[in-house]
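Enquirer: sequence? don't have it. structure:
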């Protein structure tokens, strides 16, 4: 039975009275199937057509996946309560991203009425507190993905509750929840061993111990984002590398105390790494990147913003070792010169994969680099802000070779010269005739 | 370059400016640096010594970019479809557009909208409008925006029963001082100062604030002789001392000055110092007739004007001859000093009549008004002012002054004004 049982009798009665041809010809199962392909707005419109359609369109089976982002301003408590009543056990996926007016009360109702929810996105619901997470942990044991980004009132108690009640959790995002400390993360790691994705941007209280616990209990981790957790030390990254061989996404931007030891550990134990963001880790040197380039051959995206110690050597190793690089940021790497760019542009990655190259604030890069880059056929965007040796001429030449490329620099766009026909004639027509 | 790349550039520049403003809470100044061409691939944002400069070649691109995108963002905001990220960008655009051209009220109103939706912080916005004022000091919109923000703060404080902190007023004064310094005759900033005195000053401290403001304006006038704004504000303060009930005690320094300058007679022992006696002597008003709270008001009012007449105007005039603004201030002082005794007496006759009977009072007011009208139509003879010690004193001072300043052009005009408007010979 697809539609909710309590409506069946009612529905039959309504359908019997309905005169519309479409309802006579099409069985309601088919109608329901058609409705299941519609989006939220269309469903609500259909619900206003007739009594029969109203019952069918608002049937919980059509409302398994709901994203209310487009209505974030208008979504308030009663709406959530209505949705949870309608959907009941059908609800699998709910996104309330940006719905700031949502409070704990309505989320409690939701957790009680929709125990089968698997994916819950509460990004930016700032009023939510630990009460919500307690309710979720009590009722929604099937929860797999939870996004609590920017729910600043959340504390360690939430993570403890989740670890008790949601053992199936695979994805969690606790970015900018600044109250969270190592204790919460440790509890979470113990309770949710299937965790694959852990994102905690800007949680300054997360320490090395938290990450070590995470690595010890959650061996399946693939995605880890510790951006701005500047209390992380080398031992944390080392244990992460050791215990989680499947890691393919790692962001350590802003963890400025990390040294080469971290990168070498990653190089030795995480060969699957495809994205590495280490912006602001200014202690990393060429040696570490050499090790990395030798073993991590699947690297696609690298953000080396402000790794000020790296030189052309890093580029040479990357060019040789990582043929898949698509996206490379070298902003503020002030030691990079044309020679490094030359090696990069001759590498296999450059010819096929490299699409974005950010070189802003690299003061030694000159027009010669742009000339080397002409061989990168796939290149779509180059950032050259503040590279003061780059000239308009060099950019023009690059553009002649790669007509679709976007070159970003501090040169005013040239406005097309006013067309000759637009200038006003010196004599009016009659004067000319005369 | 195509326009999308110009957009990317503008976007980056706007973000740079926003970041600087966010990270530095002590920015002194924003300005545009005339640079017709940019030959180097260099950021047009110059940031040194807590000042931001923007090279002029990028202005038109940034402004164009901001204006063409703002309305779209605003539409989305109205429909509630603007995401968080975009809201930040929206503010970047507004910052850029308003720094370049702060005279667009629509943009300020967009800012107000963001404040009302609690997407911007009131304190940050006060700071931002200060930077705008540092660029263009005569932007009435920026001051209006500040007043709107301050009003929000005041309302919030009132609803929580907290008194508005004095630091708020000090902060405003420092902004106003900067704006007044930057641009001569800046009525926008001085009017804002008046608004602040009326709305931000705590009533209990008003007495001290007005006193410090009086010395501030004296200093200002000494340095800016021909700026009439300074005089205008001082005149406002002088009238405030007469009207405001919360100024309930006498400013001793001005009274001392007046009594030592004018009232020491060899007959009596030393100068008269009690405010009531001074009033009685100069205005001929028996002190019992005045309500006690008004004694201070009238004393302050009179002493201040006498002080201005003898110190400010008389001392400055020989140093800076032929300054129109100075003569106008003198006119203000003469007019109000000479009319003070009459006004007080009139006010008291009316109140006397009001005691005796209501009908009578109406008639007497009517006849008074008519007398006033007549006096404006036809020149009143100087004997109108005779009989009051104050008027004698003032006229005596004036005679001395005119004798000194001789037949200069401004002095001649002033003499004409005295005879035509005031009815003096």
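Expert: Here it is on my side, so go on. Computed from a prediction, not measured in an experiment: that's the story for all the values here. Numbers count the residues shown, from 1 in each chain, chains lettered A, B, ... in the order given.

Enquirer: what about residue B:67, how many neighbours?
Expert: 16 (other CB atoms under 10 Å in any protein chain shown). Any C-beta I mention is one placed from the backbone N, CA and C, and that applies to glycine too.

Enquirer: How about residue B:78?
Expert: 10.

Enquirer: what's the answer for residue B:76, then?
Expert: Residue B:76: 15 neighbours (other CB under 10 Å).

Enquirer: what's it in contact with, if anything?
Expert: Contact partners of residue B:76, counting by CB atoms under 8 Å, 6 or more residues apart in numbering or on different chains, are B:82, B:86.

Enquirer: could you list every residue that touches the residue lying closest to residue A:103 once chain neighbours are set aside?
Expert: Nearest non-adjacent residue to residue A:103, counting by CB to CB, 6 or more residues apart in numbering or on different chains: residue A:127, 4.7 Å away. Listed by CB under 8 Å, 6+ apart, the contact set of residue A:127 reads A:100, A:101, A:102, A:103, A:104, A:153.

Enquirer: buried subset of those?
Expert: Neighbour-count burial (16 or more other CB atoms under 10 Å in any protein chain shown) applied to the contacts of residue A:127 gives A:100, A:101, A:102, A:103, A:104, A:153.

Enquirer: Counting by contacts, list what the one helix or strand residue B:196 maps to packs against.
Expert: Following DSSP states H and E, one finds residue B:196 within helix B:187-199. Using 3 or more CB pairs under 8 Å, 6 or more residues apart in numbering or on different chains; DSSP states H and E, the elements in contact with helix B:187-199 are helix B:140-159, helix B:166-182, helix B:206-223, helix B:228-243.

Enquirer: Most tightly packed of the ones you listed?
Expert: Mean neighbours per residue, mean count of other CB atoms under 10 Å in any protein chain shown, is largest over those for helix B:228-243, with a mean of 20.

Enquirer: can you tell me the residue of the stretch 101-250 of chain B closest to chain A?
Expert: Using CB to the nearest CB, the single residue of the stretch 101-250 of chain B nearest to chain A is residue B:117, 9.0 Å away.

Enquirer: list the contacts for the closest residue to that residue other than its chain neighbours?
Expert: Nearest non-adjacent residue to residue B:117, counting by CB to CB, 6+ apart: residue B:77, 7.8 Å away. Residues in contact with residue B:77 (CB under 8 Å, 6+ apart) are B:87, B:90, B:113, B:114, B:117.

Enquirer: Just the element for residue B:77, please.
Expert: Going by DSSP H and E, residue B:77 is in helix B:59-78.

Enquirer: Pull out the buried positions in that helix.
Expert: Residues of helix B:59-78 classed as buried: B:59, B:61, B:62, B:63, B:65, B:66, B:67, B:69, B:70, B:73, B:74, B:77 (neighbour count, 16+ other CB under 10 Å).

Enquirer: Tell me the helices and strands packed up against the helix or strand where residue B:391 lies.
Expert: Using DSSP H and E, residue B:391 sits in helix B:389-405. Counting contacts by 3+ CB pairs under 8 Å, 6+ apart, helix B:389-405 is packed against helix B:275-283, helix B:292-307, helix B:314-319, helix B:324-356, helix B:409-420.
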